[in-house]
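Engineer: structure for this input, please:
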Amino acid sequence: MDDSPPPVSPATLKFLARLVTVLTATMIVGVVVIVALLVIRFSGEDRRQPLTLPDNITLPEGASAQAVTFGEDWLALVTRDDRILIYDRTSGELRQSIAIE
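Structural biologist: I've put the predicted structure just below:
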């Protein structure tokens, strides 16, 4: 008895070769597109205004900032004692204090 596999037709081999070529080309195009999108995204001009923290912001006694979030005309500081302090961005005045429960 012969245990060798049946012979493969040349048409099947051509089909497999074309399939591998198409898949390789698809992967190359995909990588090029991803790299191009990353370059476009990270090399573009930043049209937003730079965010600056006003010098005249004073935290309440014993409070220390843990995180900060900027809005258009306000900024919010999260303190380590579980409060959110919302300040006016231009004047630095405290607008609102919210206790986190």
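Engineer: strands of this protein, residue ranges please.
Structural biologist: 65-70, 74-79, 83-88, 94-99 (DSSP state E).
Engineer: turn those strands into CSV, including mean pLDDT.
Structural biologist: CSV is the format used below for the strands of the chain (pLDDT from 0 to 100):
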stretch, mean pLDDT
strand 65-70, 86
strand 74-79, 90
strand 83-88, 93
strand 94-99, 92
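Engineer: export those strands to TSV and tack on mean neighbour count and distance to Leu13?
Structural biologist: Placement of C-beta: from N, CA and C, glycine included. Output for the strands of the chain, formatted as TSV (neighbours: other C-beta atoms under 10 Å; distance: least, C-beta to C-beta, whole Å):
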stretch	mean neighbour count	distance to Leu13
strand 65-70	12	61
strand 74-79	18	65
strand 83-88	17	68
strand 94-99	12	71
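Engineer: is it possible to get a markdown table of those that adds distance to Pro5?
Structural biologist: Listed next are the strands of the chain as a markdown table, based on distance: least, C-beta to C-beta, whole Å:
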| stretch | distance to Pro5 |
| --- | --- |
| strand 65-70 | 65 |
| strand 74-79 | 68 |
| strand 83-88 | 71 |
| strand 94-99 | 73 |
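Engineer: wait, which of the ones you listed is closest to Leu23?
Structural biologist: Proximity to Leu23, assessed across these by C-beta to C-beta, is greatest for strand 65-70 (45.8 Å).
Engineer: note down every partner strand of that closest one and its orientation.
Structural biologist: strand 74-79 (antiparallel) (DSSP bridges).
Engineer: was I right to think His57 contacts Ile86?
Structural biologist: For the record, residue 57 is Ile, not His. No: between Ile57 and Ile86 there is no contact under C-beta atoms under 8 Å: 11.2 Å.
Engineer: what sits in contact with each of those two?
Structural biologist: Counting by C-beta atoms under 8 Å, 6 or more residues apart in numbering, the common neighbours of Ile57 and Ile86 are Leu75.
Engineer: need the contact partners of the worst-scoring helix or strand of the chain on mean pLDDT.
Structural biologist: Lowest on mean pLDDT, DSSP states H and E among the helices and strands of the chain sits strand 65-70, with a mean of 86. Residues from elsewhere that reach strand 65-70 (C-beta under 8 Å, 6+ apart): Leu51, Leu53, Leu59, Leu75, Ala76, Leu77, Val78, Thr79, Arg80, Arg89.
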